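K.L.:
have a look at this fold, sequence not included:
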């Protein structure tokens with residue numbers, strides 16, 4: 001699958017993220033939450049127009065090619081409150097969403113999925129919604145603590161729950177092309193770097209009575225990409241548990257004739273992964289990226305290092321309500 005249809009444009013609207021930032025200046029191809037609200041007709045500043053930040057990520061991705069427009073929802077964030085509040089205050093028409101991609105099986109990316117499905121179907125006339133997953137996403141997850149115990153994570157909604165709400169489950173480990181071949185959903189991400197080891201301490205169990213086992217590689221994680229005419233690949237990596245350098249190596253190998261243009265999403269360089277910030281920064285310099293829209297689990301230390309290494313010309317941190325277009 002080395003060919004990918006060219007799009008004229010892709011718009012990425014951040015519906016849920018850890019941070020809100022309506023005041024900072026932005027590059028020409030990025031619009032902040034308040035600028036977006038003003039363009040939509042905001043007449044007075046008020047608490048009634050504010051979105052909220054919460055630990056998680058959700059992106060609305062719209063691709064245009066000529067008169068053809070397609071929209072995907074990439075993750076939902078962790079909870080219904082933030083998803084509902086933010087989509088309402090951003091004026092998002094969820095009825096135009098033609099499919100959902102879940103990046104990996106963690107609650108902070110899937111906690112609002114049932115509400116998202118309901119809102120999408122309420123706006124599309126009740127049609128079923130293709131829902132793209134990896135079969136490994138539905139295992140129970142947990143984190144190993146220093147004393148050897150495991151702190152359990154909330155489960156993501158099951159395939160049966162999602163199906164009961166109108167999702168058409170597409171479960172595969174292989175790459176996929178969606179919506180006239182304009183979206184690429186990756187398969188499992190090869191691990192090729194010596195320093196990106198996944199999520200240290202991550203555990204899983206495959207049944208409620210099964211023992212916990214190590215799952216640091218999180219092989220259920222995927223990225224999505226769009227090939228924009230005259231620019232190249234725009235890659236979305238929701239958490240980068242595989243390592244953002246592994247993600248970009250995989251994207252480059254998947255489309256060797258298409259340059260990498262931008263990467264957005266969580267880079268997971270916080271917590272136990274802070275120690276690999278220097279190696280990650282050095283490796284990122286080799287991809288020639290025009291834009292890095294880092295957010296969610298990237299962490300402030302990594303964000304500061306990215307700013308120092310790439311400057312405002314490349315780094316445009318993600319925040320709730322921001323729009324990127326390429």
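P.N.:
Yep, that arrived. The shown structure was predicted, so the numbers you read here are calculated from the model rather than taken from an experiment.

K.L.:
which residues in this structure form helices?
P.N.:
Ranges of helices in the chain, per DSSP state H, are 33-39, 80-89, 107-110, 113-123, 159-164, 244-254, 277-284, 300-310.

K.L.:
most neighbours per residue, which of the ones you listed?
P.N.:
helix 107-110 (a mean of 24; mean count of other CB atoms under 10 Å). For every residue, glycine as well, the C-beta is placed using N, CA and C.

K.L.:
contacting residues around it?
P.N.:
Surrounding helix 107-110, the residues in contact under the criterion CB atoms under 8 Å, 6 or more residues apart in numbering are 55-58, 75-78, 102-103, 141, 153-157, 238-239.

K.L.:
follow-up on the earlier one: now render the helices of the chain as JSON lines, adding mean pLDDT and distance to residue 185.
P.N.:
Shown next, in JSON lines, are the helices of the chain (pLDDT from 0 to 100; distance: least, CB to CB, whole Å):
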{"stretch": "helix 33-39", "mean pLDDT": "89", "distance to residue 185": "27"}
{"stretch": "helix 80-89", "mean pLDDT": "97", "distance to residue 185": "21"}
{"stretch": "helix 107-110", "mean pLDDT": "98", "distance to residue 185": "15"}
{"stretch": "helix 113-123", "mean pLDDT": "98", "distance to residue 185": "16"}
{"stretch": "helix 159-164", "mean pLDDT": "97", "distance to residue 185": "17"}
{"stretch": "helix 244-254", "mean pLDDT": "98", "distance to residue 185": "11"}
{"stretch": "helix 277-284", "mean pLDDT": "98", "distance to residue 185": "23"}
{"stretch": "helix 300-310", "mean pLDDT": "98", "distance to residue 185": "26"}
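
K.L.:
as a markdown table, the ones you listed with distance to residue 212 would be great.
P.N.:
Converted to a markdown table, those look like this (distance: least, CB to CB, whole Å):
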| stretch | distance to residue 212 |
| --- | --- |
| helix 33-39 | 40 |
| helix 80-89 | 29 |
| helix 107-110 | 17 |
| helix 113-123 | 25 |
| helix 159-164 | 22 |
| helix 244-254 | 25 |
| helix 277-284 | 29 |
| helix 300-310 | 29 |
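
K.L.:
residue 260 is nearest to which of these?
P.N.:
The closest of these to residue 260 is helix 244-254. By CB to CB, the value is 6.1 Å.

K.L.:
give me phi/psi at the closest residue to residue 250 other than its chain neighbours?
P.N.:
Leaving aside its chain neighbours, residue 250 sits nearest to residue 189 (5.0 Å; criterion: CB to CB, 6 or more residues apart in numbering). Dihedral angles of residue 189 (phi, psi; degrees, to the nearest 10) stand at phi -90, psi 120.

K.L.:
related to what we said a few turns ago, drop anything exposed from the contacts of helix 107-110.
P.N.:
Buried members of the contacts of helix 107-110, counted by 16 or more other CB atoms under 10 Å: 56-58, 75-78, 102-103, 141, 153, 156-157, 238-239.
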